[in-house]
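S.K.: quick one, structure for this:
(4 chains)
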Number of protein chains: 2
Amino acid sequence: MAKATDLTAHTHDAVLRLSPDRPEGAAARPARPPRIEDVARQAGVSPITVSRALRTPDMVSPKTRDRILQVVEATGYWSNPHASALRSGRSSIVAAFVSNLLSQQYSQAVLACARVVEQHGYQLMVGQTSYSYSRELSAIQSLRSLRPAAVFFTGVIELEENRDLLRELDIPIVESWAYPPDPLDMLVGFSNTDAGRLAASHLVARGYRRLAFMGRSGGRGALRLAGFAERAAELGAEIVETIRVEQVDSVIDGRRAYRTLLEGGRSFDAIFCANDLLGLGTLLEARQQGRRIPDDLALLTFGDNDLAGELSPRLSTISFDSNAMGTRAGEMIVDRLDPRSDGTLASSLCLDLELIPGETT
Amino acid sequence: MAKATDLTAHTHDAVLRLSPDRPEGAAARPARPPRIEDVARQAGVSPITVSRALRTPDMVSPKTRDRILQVVEATGYWSNPHASALRSGRSSIVAAFVSNLLSQQYSQAVLACARVVEQHGYQLMVGQTSYSYSRELSAIQSLRSLRPAAVFFTGVIELEENRDLLRELDIPIVESWAYPPDPLDMLVGFSNTDAGRLAASHLVARGYRRLAFMGRSGGRGALRLAGFAERAAELGAEIVETIRVEQVDSVIDGRRAYRTLLEGGRSFDAIFCANDLLGLGTLLEARQQGRRIPDDLALLTFGDNDLAGELSPRLSTISFDSNAMGTRAGEMIVDRLDPRSDGTLASSLCLDLELIPGETT
DNA sequence: TTGTAAGCGTTATCAA
DNA sequence: TTGATAACGCTTACAA
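M.R.: Just a heads-up that it's a prediction; the model follows:
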């Protein structure tokens, strides 16, 4: 295969190499990875005994077990996960599906989950659903034959047909990022409706009455808007404008949303941005346009960006801990998969929301 | 299994459910996913013909092919990846190994890579090497039997023995995050040495002469320090203190590193932090301790945090595009795996570094 | 506690 | 262009 390069302008890094002291007589590694049969032969037992020694050590006599484990160590044997999954109908893969792979919050949760399950011998596989039911469907269909040990979604499965498909998998499922009364299985969520209410309460308490909302139109965006509108109405404030933004990948999208908001021509004194990047983009764009914040315009965001508090002005924000969310999801999964678990770990959890007042409201 | 919950304090979100219009006569889904044999029987061909129709359509007559694809569609057939991998010795999994799953830069690169490979029918699996050779070894060993289609590392494999193991896998490998002259296979990197040089040049040009360095002691940290020290010496500046921080998970670690730096008792007028979070933590801690920045202390960081420019003061930073890095890695991988590729895509790439002057130097 | 036999669902190989 | 046969490496079910 041709190798083209475009290196000219850059200096190479020094070569970082370490050569271990290889024992003199160390045999060259065989071209093929060792199979369970190789281990069995060397240990003088049958393959199934090796399998037991590795998966259910208690079912093998200590003497045999030690001998087997020694051979395993010496050969560098590693069970073939495909063969294992094919025969047993269960793999050591934990599948995670993210609404948007570029969102920092989702990735944080997924990677926190990966950390936990990895420590228990599972491997995490990432996929993207793109807030789309059809992508969600094909993701779920691929799970039917992948036979993962468990699934984690950064969201709630809404489509009844997809819920049915997932139930049929008969594996632990963690939904997250919302707090519905009827999760498929396990849940690490927070109340999006409460987040909206909290936002309205805060803005009204600060004296704002003409409110605008920015967020996705479906799912959690709708929930946040519902709570926001409900509480605003209760408190006598008005939602004068609602901007729907379906895909948010960078602050640019927030800047654009703010300009769209202005085009509506309505006057408002505060915006609730149901998403970090929207909030950040709005802040930058509004300041650039000469708005004084919060005097001309107040800004409240929702998200988990720990840098919101480091900006100048510090963004007022409603926040939750996406890292903890992923960790808890991972813990629920490994607990459920652990046959020795006593099953007392909560299978549903609602994380707290925190309103962190900054300098923008 | 017992279900404990601790829900009391929170409001449930409304149920978000959608039920599709299911066609009248739609049969209930069978409990077991369809196998290739089911499709074959319904299409009146043998299993291997179905397999060919799906993988190498050109080898099947158009008429047969269409009939098969119709049945595939109707049954929702999805090839079992484990059986396929077991038999063929190659799976559709792309493995990605990250030095630290909590690092935003690494996750960004990995998820960008996931995005690309996913569009070509591969699934990305994430693992963590924790900057440790032994973790790296076990990661690589697991690959021997996982038989992924390709591997992506957010780093360079340093240990000669691990390099040998990887070569034996005989699959596309992408290393990244550095620019050594002898990559294992493909490379999307940048020069860490140049980054260090750039840092020293900038600081000296701004009039700083007593410099401090913060970063990891091994690998890329060492390269950045080498370039930094080399250029500083050339320009007549002195490196008065070097702080080694092996694990950086949050700004807290940066705060701590700064305090450690002070304990040394040496006086310095500028710090180069080889990592975003170290820089941010140092900034926060130094300001809290009453240091005026950059008058009392200048600060230059290395990383890819687009928020560095939004802080107040804006952090001076040497930056690269980790998102592009992951995307390019993904593109290299799918190109190499595509039998129709003409092999003209560069297999080695050096990304540009950009010095973005902020208000801290 | 250990072993035998069979099969998970696919694809390589060879034959027609 | 299509098919028969066997095998990938493991674990279930059953037997000793």
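S.K.: kindly export stretch A:197-209 (C-alpha atoms) in CSV.
M.R.: Listed next in CSV are the C-alpha coordinates belonging to stretch A:197-209 (Å, rounded to 0.1, in the frame of the first residue of the first chain):
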residue,chain,number,x,y,z
ARG,A,197,-39.4,24.7,37.0
LEU,A,198,-36.3,25.6,38.8
ALA,A,199,-35.2,27.8,35.9
ALA,A,200,-38.5,29.7,35.9
SER,A,201,-38.5,30.2,39.7
HIS,A,202,-35.0,31.5,39.7
LEU,A,203,-35.6,34.0,36.8
VAL,A,204,-38.8,35.3,38.2
ALA,A,205,-37.3,35.6,41.7
ARG,A,206,-34.6,37.8,40.1
GLY,A,207,-37.3,40.0,38.6
TYR,A,208,-37.5,38.8,35.0
ARG,A,209,-40.9,38.5,33.5
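S.K.: show the model's pLDDT score for the residue of chain A at minimum distance from chain B.
M.R.: Here chain A gets closest to chain B at one residue, residue A:312, 3.0 Å apart by C-beta to the nearest C-beta. All C-beta atoms are positioned from the backbone trio N, CA, C, and that covers glycine. Looking at residue A:312, its pLDDT reads 73.
S.K.: how about it: what's its closest non-neighbour residue?
M.R.: Excluding the flanking residues, the one nearest residue A:312 by C-beta to C-beta, 6 or more residues apart in numbering or on different chains is residue B:312, at 3.0 Å.
S.K.: the one you found touches residue A:287, doesn't it?
M.R.: No - applying C-beta atoms under 8 Å, one finds residue B:312 not in contact with residue A:287, separated by 11.7 Å.
S.K.: what's residue A:272 in contact with, if anything?
M.R.: Contact analysis of residue A:272 by C-beta atoms under 8 Å, 6 or more residues apart in numbering or on different chains lists A:196, A:199-200, A:203, A:211-214, A:224, A:228, A:300-302.
S.K.: helix, strand, or coil at it?
M.R.: Put simply, residue A:272 is strand when judged by DSSP: H, G, I helix; E, B strand; the rest coil.
S.K.: any idea what it is bridged to?
M.R.: residue A:213, residue A:300 (DSSP bridges).
S.K.: which positions in chain A make contact with DNA strand D?
M.R.: Residues of chain A lying close to DNA strand D by C-beta under 7 Å from any atom of the strand are A:32, A:35-37, A:47-48, A:51, A:54-55, A:77, A:79-80, A:83-84, A:86-88.
S.K.: let's see 6 Å
M.R.: A:35-37, A:47-48, A:51, A:55, A:79-80, A:83-84, A:86-88 (C-beta under 6 Å from any atom of the strand).
S.K.: restricted to helices, list those.
M.R.: Counting by DSSP state H, the part of the residues of chain A next to DNA strand D found in helices is A:36, A:37, A:47, A:48, A:51, A:55, A:83, A:84, A:86, A:87, A:88.
S.K.: which residues touch the second one?
M.R.: Same thing as residue A:37. The contact partners of residue A:37, taken as C-beta under 8 Å, 6+ apart, are residue A:47.
S.K.: let me have the contacts of residue A:272 in JSON lines, extended by neighbour count and pLDDT.
M.R.: JSON lines is the format used below for the contacts of residue A:272 (neighbours: other C-beta atoms under 10 Å in any protein chain shown; pLDDT from 0 to 100):
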{"residue": "A:196", "neighbour count": "29", "pLDDT": "97"}
{"residue": "A:199", "neighbour count": "31", "pLDDT": "97"}
{"residue": "A:200", "neighbour count": "26", "pLDDT": "97"}
{"residue": "A:203", "neighbour count": "27", "pLDDT": "98"}
{"residue": "A:211", "neighbour count": "25", "pLDDT": "98"}
{"residue": "A:212", "neighbour count": "22", "pLDDT": "98"}
{"residue": "A:213", "neighbour count": "26", "pLDDT": "98"}
{"residue": "A:214", "neighbour count": "29", "pLDDT": "97"}
{"residue": "A:224", "neighbour count": "30", "pLDDT": "96"}
{"residue": "A:228", "neighbour count": "30", "pLDDT": "97"}
{"residue": "A:300", "neighbour count": "29", "pLDDT": "97"}
{"residue": "A:301", "neighbour count": "30", "pLDDT": "95"}
{"residue": "A:302", "neighbour count": "28", "pLDDT": "94"}
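S.K.: return the member of the residues you listed nearest to DNA strand C.
M.R.: When the contacts of residue A:272 are compared for distance to DNA strand C (C-beta to the nearest atom of the strand), residue A:224 wins out at 42.0 Å.
S.K.: so which bits of the strand or helix carrying the closest one are buried?
M.R.: For residue A:224, the element it lies in under DSSP states H and E is helix A:219-234. For helix A:219-234, a neighbour-count test (16 or more other C-beta atoms under 10 Å in any protein chain shown) marks A:219-229, A:231-232 as buried.
S.K.: JSON lines for the residues of chain A next to DNA strand D, including pLDDT and distance to residue B:95?
M.R.: Listed next are the residues of chain A next to DNA strand D as JSON lines, based on pLDDT from 0 to 100; distance: C-beta to C-beta, whole Å:
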{"residue": "A:35", "pLDDT": "94", "distance to residue B:95": "21"}
{"residue": "A:36", "pLDDT": "95", "distance to residue B:95": "22"}
{"residue": "A:37", "pLDDT": "94", "distance to residue B:95": "26"}
{"residue": "A:47", "pLDDT": "94", "distance to residue B:95": "27"}
{"residue": "A:48", "pLDDT": "95", "distance to residue B:95": "29"}
{"residue": "A:51", "pLDDT": "96", "distance to residue B:95": "24"}
{"residue": "A:55", "pLDDT": "93", "distance to residue B:95": "23"}
{"residue": "A:79", "pLDDT": "94", "distance to residue B:95": "17"}
{"residue": "A:80", "pLDDT": "95", "distance to residue B:95": "15"}
{"residue": "A:83", "pLDDT": "97", "distance to residue B:95": "18"}
{"residue": "A:84", "pLDDT": "96", "distance to residue B:95": "17"}
{"residue": "A:86", "pLDDT": "95", "distance to residue B:95": "19"}
{"residue": "A:87", "pLDDT": "96", "distance to residue B:95": "22"}
{"residue": "A:88", "pLDDT": "94", "distance to residue B:95": "22"}
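S.K.: show me the two of those residues that sit farthest apart.
M.R.: Farthest-apart pair in those is A:37 and A:88; separation 17.6 Å (C-beta to C-beta).
S.K.: check which helix or strand residue A:97 maps to.
M.R.: Using DSSP H and E, residue A:97 maps to strand A:93-98.
S.K.: would the next helix or strand after that strand count as contacting chain B?
M.R.: Using DSSP H and E, the helix or strand that follows strand A:93-98 towards the C-terminus is helix A:104-118. Yes - applying C-beta under 8 Å from any C-beta of the partner chain, one finds helix A:104-118 in contact with chain B at A:104, A:107, A:108, A:111, A:112, A:114, A:115, A:118.
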